[in-house]
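[1] pasting the sequence and the predicted coordinates here, then a few questions.
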Protein chains: 2
Amino acid sequence: MSIENEIAAPHLKDDGQRHRAADDVFQHIVELIDSGVLAEGAPLPSEREISETCAVSRTVVREAVLALSNKGLIDARPGYRPIVRKANYDIAFETVDSVVSRLLMQPGGIRNLFDTRIMIEASLVRQAAVEAEKNDIAALQNALNANEAAIDDSERFYQTDIVFHAALFEVPQNPLMPAIHKAYTSWLAPQWSRMPRLPDRNRSNFIAHKEIFDAILMRDPDRAEQALRNHLAAAWTQVEQSFGED
Amino acid sequence: MSIENEIAAPHLKDDGQRHRAADDVFQHIVELIDSGVLAEGAPLPSEREISETCAVSRTVVREAVLALSNKGLIDARPGYRPIVRKANYDIAFETVDSVVSRLLMQPGGIRNLFDTRIMIEASLVRQAAVEAEKNDIAALQNALNANEAAIDDSERFYQTDIVFHAALFEVPQNPLMPAIHKAYTSWLAPQWSRMPRLPDRNRSNFIAHKEIFDAILMRDPDRAEQALRNHLAAAWTQVEQSFGED
DNA sequence: AATCTGTTTTGGTCAGACCAAACGAAGCAC
DNA sequence: GTGCTTCGTTTGGTCTGACCAAAACAGATT
């Protein structure tokens, strides 16, 4: 073995894996964004321009741009110039959408996801019961009122239902939480939104919401958690009755 | 306006957006996978072959394949034939990695993520206290013993620390939970693994673990949660002292 | 059966071309 | 000046065809 093994091999990375030129361009653009040269909202240079400055073919540039788009770092609507996207928690969940949806297809997938939701929201209502502020309570109260007013309008009830839970996820003032809620509702929507809804069910769901709210008002985390678990368990039963075992 | 607006416009999608040919190929391959024509572990047809059957250029095929790779549906190591990947919960988190890491760079990002971890793990230990089975307890006990034995070996202690928490995430027997734990540890690793570690700290961390374990043993969810929160709060303090405000 | 060897296939990259839609500036009407 | 049309330019999306090095394969060799 000669020294050549150390210097030569332009196609090999440190770990011996072959190297894609597109990865370099990808990295390069990421650095441009991080360094602020490309501010958020700004359009990327044209593909031809990038291919010049990076000394690669447009093919490679396109691959890099596509990767950036797939990872959610830029917003590349077909036909338009790609725009640098502001990093926010929602995109993180959007980018996994296709994987998640196939995960949900496999047996027990929906139940597994739903269980994590129960777990998180249980913790959430406990926390809310302990430390919800006045404005949190007010937001919950408003959501609850809207919920009650929509009992006879199933479509609107579904919406206010989501808003009520969303209000819960706002309590910790952690920007991740609303994003998590949004992800849950969008992923579970195929089951929930298409489920037959009746004023009867709406009413019992509203009552469940109210029980959660009351427990929070009374600063009783145990009761809040129990009410939440009852509510979600009942919701699951409704789904199960409508669709069988998914 | 004539009828032509309805039939013509091969480049327009329903919503009027321009359409990428690669999306069709993408969808086509996804269907091949879903229908079982392409079993998991099986290699994709060659790019040239796909370009024939789909009647598109290889350029388009490459874009589609790249997208599949980015979304984690296939495993495309450079130079090799892409392999159909089995959908599992880990890839979901892997695919968001690049977005998450930039989210963590922004102020408060790490804290926000860590707070969600506290929230989830708090719920976890409560649940464990209520319904942990014999084998769960045994697993925790083992992890705890290994943890204690490693107090004087900081590197090993870090590993056993992770294993102890992992054992907690195994309790609900929900395949999502270990994946979540894995994601947390990998995302928070830059802070945790590179933090100065001393036998003193290790000892206090071990004690914290033991308190959690004991509370679970005693079937006391409140104490378990409190112990967990104390532990994670202390861990956060350690990180803060080491790195200042990230 | 294991190893070496040469041929074929395949992914990665490039150059150049074409199209239709988006962009942008000049010109026009109000 | 403001708003609108017009028209050439730029740009993204797609295609063709080519080349290279590495991977896959088949066959010969030991």
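    Sure, I can see it.
[2] from now on I want contacts and neighbour counts done on CA atoms only, so please keep to that.
    Will do.
[3] hey, where'd the helices end up in chain A?
    Counting by DSSP state H, chain A has helices at residues A:4-7, A:21-34, A:47-53, A:58-70, A:89-95, A:97-105, A:109-131, A:134-149, A:154-170, A:176-192, A:199-217, A:221-243.
[4] need those in TSV (columns: mean neighbour count).
    Output for the helices of chain A, formatted as TSV (neighbours: other C-alpha atoms under 10 Å in any protein chain shown):
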stretch	mean neighbour count
helix A:4-7	8
helix A:21-34	17
helix A:47-53	15
helix A:58-70	21
helix A:89-95	20
helix A:97-105	17
helix A:109-131	21
helix A:134-149	18
helix A:154-170	19
helix A:176-192	18
helix A:199-217	19
helix A:221-243	18
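[5] out of those, which is closest to A:Arg81?
    helix A:47-53 (9.3 Å; C-alpha to C-alpha).
[6] and the closest one, average pLDDT?
    If you average the pLDDT over helix A:47-53, you get 93.
[7] which helices and strands does it pack with?
    Helices and strands touching helix A:47-53, by 3 or more C-alpha pairs under 8 Å, 6 or more residues apart in numbering or on different chains; DSSP states H and E, are helix A:58-70.
[8] B:Gln173 is nearest to which of the helices of chain A?
    Closest among the helices of chain A, using C-alpha to C-alpha: helix A:109-131, at 9.3 Å.
[9] so is the closest one next to chain B?
    Yes: with C-alpha under 8 Å from any C-alpha of the partner chain as the measure, helix A:109-131 is seen reaching chain B through A:Asn112, A:Leu113, A:Asp115, A:Thr116, A:Met119, A:Ile120, A:Ala122, A:Ser123, A:Leu124.
[10] which one of these is nearest to A:Asp97?
    Closest to A:Asp97, out of all of the residues of helix A:109-131 next to chain B and judged by C-alpha to C-alpha, is A:Leu113, at 13.2 Å.
[11] can you pull the contacts of the closest residue to that closest one other than its chain neighbours?
    Excluding the flanking residues, the one nearest A:Leu113 by C-alpha to C-alpha, 6 or more residues apart in numbering or on different chains is B:Leu176, at 7.3 Å. Listed by C-alpha atoms under 8 Å, 6 or more residues apart in numbering or on different chains, the contact partners of B:Leu176 are A:Asn112, A:Leu113, A:Thr116, B:Tyr89.
[12] under the pLDDT cut-off, which ranges of chain A? List them.
    A:1-18, A:243-246 (pLDDT under 70).
[13] got the residues of it near DNA strand C?
    Remark: the part of chain A in contact with DNA strand C comprises A:19-22, A:55-60, A:79-81, using C-alpha under 7 Å from any atom of the strand.
[14] re earlier: which of the contacts of B:Leu176 sit farthest apart?
    Longest span within the contacts of B:Leu176, C-alpha to C-alpha: A:Thr116 and B:Tyr89, 12.8 Å.
[15] tell me the residues of chain A that contact DNA strand D?
    A:9, A:11, A:18, A:44-49, A:62, A:76-82.
[16] buried only: go through these for me.
    A:Arg18, A:Leu44, A:Glu47, A:Arg62, A:Ala76, A:Pro82 (16 or more other C-alpha atoms under 10 Å in any protein chain shown).
[17] as a markdown table, those residues with distance to A:Arg203 would be great.
    As requested, those are exported to a markdown table (distance: C-alpha to C-alpha, whole Å):
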| residue | distance to A:Arg203 |
| --- | --- |
| A:Arg18 | 61 |
| A:Leu44 | 51 |
| A:Glu47 | 56 |
| A:Arg62 | 53 |
| A:Ala76 | 44 |
| A:Pro82 | 47 |
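[18] just the residues you listed now: which is nearest B:Ile151?
    Once C-alpha to C-alpha is applied, the member of these that ends up nearest B:Ile151 is A:Arg18, at 40.8 Å.
[19] what's the burial count for A:Arg194?
    By other C-alpha atoms under 10 Å in any protein chain shown, 11 other residues sit near A:Arg194.
[20] list the contacts of A:Val99.
    Listed by C-alpha under 8 Å, 6+ apart, the contact set of A:Val99 reads B:Lys71, B:Gly72, B:Leu73, B:Ala87, B:Ile91, B:Ala92.
[21] please name the nearest non-neighbouring residue to the fifth one.
    Spatial nearest neighbour of B:Ile91, chain neighbours left out: B:Gly72 (6.2 Å); criterion: C-alpha to C-alpha, 6+ apart.
[22] for DNA strand D, see how far away that neighbour is.
    19 Å (C-alpha to the nearest atom of the strand, to the nearest Å).
[23] correct me, but A:Ala87 touches B:Leu103?
    Yes: in this structure A:Ala87 lies within contact range of B:Leu103 using C-alpha atoms under 8 Å: 6.3 Å.
[24] picking up where we left off before, residues near the residue nearest to B:Ile91, how many?
    With other C-alpha under 10 Å as criterion, B:Gly72 counts 24.
[25] related to what we said a few turns ago, which two of the contacts of A:Val99 have the greatest separation?
    B:Lys71 and B:Ala87 (10.8 Å).
[26] of the two, who's got more company?
    Taking neighbours as other C-alpha under 10 Å, B:Lys71 and B:Ala87 compare with B:Lys71 leading, 23 against 17.
[27] and the closest residue to that one other than its chain neighbours, what is it in contact with?
    Sequence neighbours aside, B:Thr95 is the residue nearest to B:Lys71 in space, at 6.4 Å (criterion: C-alpha to C-alpha, 6+ apart). Counting by C-alpha under 8 Å, 6+ apart, B:Thr95 touches A:Lys71, A:Thr95, A:Val96, B:Asn70, B:Lys71, B:Gly72.
[28] quick one: distance of stretch A:159-169 to the chain centre.
    15 Å (C-alpha atoms, centre = their mean, to the nearest Å).
[29] re the thing from before, which of the residues of helix A:109-131 next to chain B sits closest to DNA strand D?
    Closest approach to DNA strand D among these (C-alpha to the nearest atom of the strand): A:Leu113, at 33.8 Å.
[30] so what's A:Leu68 up against?
    A:Phe26, A:Ile74.
[31] quick one: A:Ala92 and B:Val100 touch, right?
    Yes: because the distance of 6.7 Å satisfies C-alpha under 8 Å, A:Ala92 is recorded as touching B:Val100.
[32] what does chain A put close to chain B?
    Applying C-alpha under 8 Å from any C-alpha, we find that chain A lies next to chain B at A:17-20, A:63, A:66-67, A:70-73, A:78-79, A:87-89, A:91-93, A:95-96, A:98-100, A:102-103, A:112-113, A:115-116, A:119-120, A:122-124, A:174-177.
[33] one more time with 6 Å, if that's ok
    Residues of chain A found near chain B (C-alpha under 6 Å from any C-alpha of the partner chain) are A:Arg18, A:Pro78, A:Ala92, A:Val96, A:Ile120, A:Ser123.
[34] so what's A:Ile151 up against?
    The neighbours of A:Ile151, taking C-alpha atoms under 6 Å, 6 or more residues apart in numbering or on different chains as the test, are A:Phe157, A:Pro199, A:Asn202.
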